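> Give me a 3D structure for the following:
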Amino acid sequence: MEQDFVPRVELPHLQDNTTQYCDQSAQEGSPTLVSQIDDTDIWVGMSFKSAECVKAHYRQYAMKKGFGMKVRNSKKGTDGQIKYNMFACVWEGNYVSSLPNDLKTNPTRKIQCPAKICTSVHKDGLWYINTFNDDHCHDLSPGKSRMFEGNRRISMHVKRTIQINDDAGVRFNKSFRSLVQEAGGHENLPFVERDIRNFVRQERKRLGKDGDGKALREYFSRMQQLNSNFFYEIDLDDDFHVRNVFWADARSRASYEYFGDVISFDTTYLTNKYDMPFAPFVGVNHQGQSILLGCGLLSAEDTESFTWLFRSWLSCMYGKSPQGIVTDQCKAMKKAIQLVFPDARHRWCLWHIMKKIPEKFKSFLEYKSIKCDMKECVYESLTERDSKMHGMLL
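Predicted structure coming up:
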C-alpha cells in the first residue's frame, strides 16, 4: 500500500540535517513515527502537512544532491492563501550578469536548469507533489551544497546563543568560533560567519527590543493627544517588532501647504544605536531656509521600505504630491518614487554628483583642470533668463 510521508517538526536534540518523518496511513487517525532518516527521496504524489514542510524537504534533498534551491513561483487562491508553489534549482533562468566574474565577489550564471518540483494543496488539506524533474544541466556539488545561499539556515538555538553573546558584547568572530567548536568543525555548520553578522544587524535594527518600540508608540500617542495634527505611522513585522517609522508634527504639515513644491529626501544619517537610516523630508521656505517636512526611520534601504515611507508621507500631506523631489543616486529610491510620485520630477542631489568627481577623474593627468571646468559648468553656468539677457546684449 502506498504511503504518504509527512515531515514533522525537527526535534531539538537532532542535528540540523536530519528530519523526522511519519507514516500517515488511511486507516489510522493520527500519524505514527516510523523512522529517522537522513536521505530524502521525492516522487510524484508525495504529500506533506504544509507548504513549509515541502520547502524544508526539498531543501534537504537539494543539499543531499548538491545544488541550491529557490522558490520560483507561487499562486494564491480566492481566499488569499497560497495554493501552489514551484521550487526550482538556483541555476534556473537565463540571466547572465554584465559584469565579468573576476569583478564579482560571488560570480553567478543562470543556464536554464530544468530541475524543479510543483506542489499544490488538495481538498484534504495536504500538499502534494504534482511534478518532479530531477534533470540538471550542470555539475552537482554535494560537499558544498550546504553553503549555497538557498540552503543555509540558522536554527532557533543558534539564534538565541548569538543574541545572548551580542548582548554581552561578544564579537562576531568569537561567537562563530565557539559555534564551530561546538559543532565539531566548519563542515558541520549549515551557515557561514556572514549569516551571523547579517542576523545580528537585523536584530539591532528592530525597535522592540528592551521595550523601545513600546516606548516609541506611547510617546507618539502622547504627542497626538497634545496636538491632533501630529501624524505618525509604524510598520510592524510578523513578530510585531517595529520595522519602519514615520512621523510629522503640525508645523511640518502646515509648512508643506506653502513650501511643498520641491522637497529633498536623504538617508545618509546613521546616528542611532540601531543603525537605522534616519530619513528626513526637507523643503525650503521663502527666506531660503531649510524646513523639516517629516521624518522616518528605516530598517533597510530597499524599494519596499522606501515605498512604505513615501506612501505614509503622502497620506500625512493629504495626498498632495510634490512637483519635484531631490535625492541621491539610489536605484531602490528611484523605483519607489516612480511608484508613489509618478508625476513628480526626480532630480539627483548636486552634492552627491560633485562628490564623485575625484572618484571618477582623479586618475587623469588633467584632473585639476577637469575639476575646475566641472565646477565652472555647474556653479557658474547661465540660467535661462541670464542666457536670454546675454543674447540681447550681444
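
> quick one: the nearest residue to residue 367 once chain neighbours are set aside from residue 329, how far?
Taking C-beta to C-beta, 6 or more residues apart in numbering as the measure, residue 367 lies nearest to residue 361, with 5.3 Å between them; neighbours along the chain are not counted. Every C-beta, even on glycine, is put in place using the N, C-alpha and C of the backbone. Taken as C-beta to C-beta, to the nearest Å, the spacing of residue 361 relative to residue 329 amounts to 17 Å.

> Name the residue in these two with the higher neighbour count.
The residue with more neighbours, out of residue 361 and residue 329 and counting by other C-beta atoms under 10 Å, is residue 361; that gives 15 against 11.

> The more buried one is in contact with residue 371, isn't it?
Yes - Residue 361 is in contact with residue 371 according to C-beta atoms under 8 Å; the separation is 6.9 Å.

> residues making contact with stretch 280-297?
Where contact means C-beta atoms under 8 Å, 6 or more residues apart in numbering, the residues beyond stretch 280-297 that reach it are 207, 244-248, 252, 255-256, 258-260, 262-266, 269, 272, 274, 276-279, 309, 312-313, 316-317.

> Would you mind writing the ChimeraX command to select the buried ones in those?
A single ChimeraX command is used to select the members of those judged buried by 16 or more other C-beta atoms under 10 Å:
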select :207,244,245,246,247,248,252,255,256,259,260,263,264,265,266,274,276,277,278,279,309,312,313,316,317
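
> tell me the pLDDT at residue 6?
Here, the pLDDT recorded for residue 6 equals 47.

> Am I right that residue 267 sits in a strand?
No - secondary structure assignment places residue 267 outside any strand; it is coil (DSSP: H, G, I helix; E, B strand; the rest coil).

> Next one: the nearest residue to it once chain neighbours are set aside from residue 52, what distance?
Closest residue to residue 267 in three dimensions, ignoring its sequence neighbours and counting by C-beta to C-beta, 6+ apart: residue 277, at 4.2 Å. As judged by C-beta to C-beta, residue 277 and residue 52 stand 32 Å apart.

> What is the burial count for residue 371?
That count, for residue 371 with other C-beta under 10 Å as the rule, works out to 16.

> now residue 196
The number of residues packed around residue 196, counting by other C-beta under 10 Å, is 22.

> Please apply the same query to residue 71.
For residue 71, the number of neighbouring residues by other C-beta under 10 Å comes to 13.

> in a strand, that's where it is, yeah?
Yes - under three-state DSSP, residue 71 falls within a strand.

> any chance you could map the strands in the stretch 151-300 of the chain?
Chain-ordered strands for the stretch 151-300 of the chain, with DSSP state E, counting those that start in this stretch as the definition, fall at 207-210, 231-236, 242-248, 262-265, 278-284, 290-297.

> same deal with the stretch 1-150 of the chain?
Along the stretch 1-150 of the chain, counting by DSSP E, counting those that start in this stretch, strands occupy 4-7, 19-24, 32-37, 47-48, 69-76, 82-89, 116-121, 127-133.

> In terms of mean pLDDT, which of the ones you listed ranks lowest?
Minimum mean pLDDT among these: strand 32-37, a mean of 34.

> related to what we said a few turns ago, local confidence estimate at the residue nearest to residue 367?
Residue 361 is assigned 84 on the pLDDT scale.
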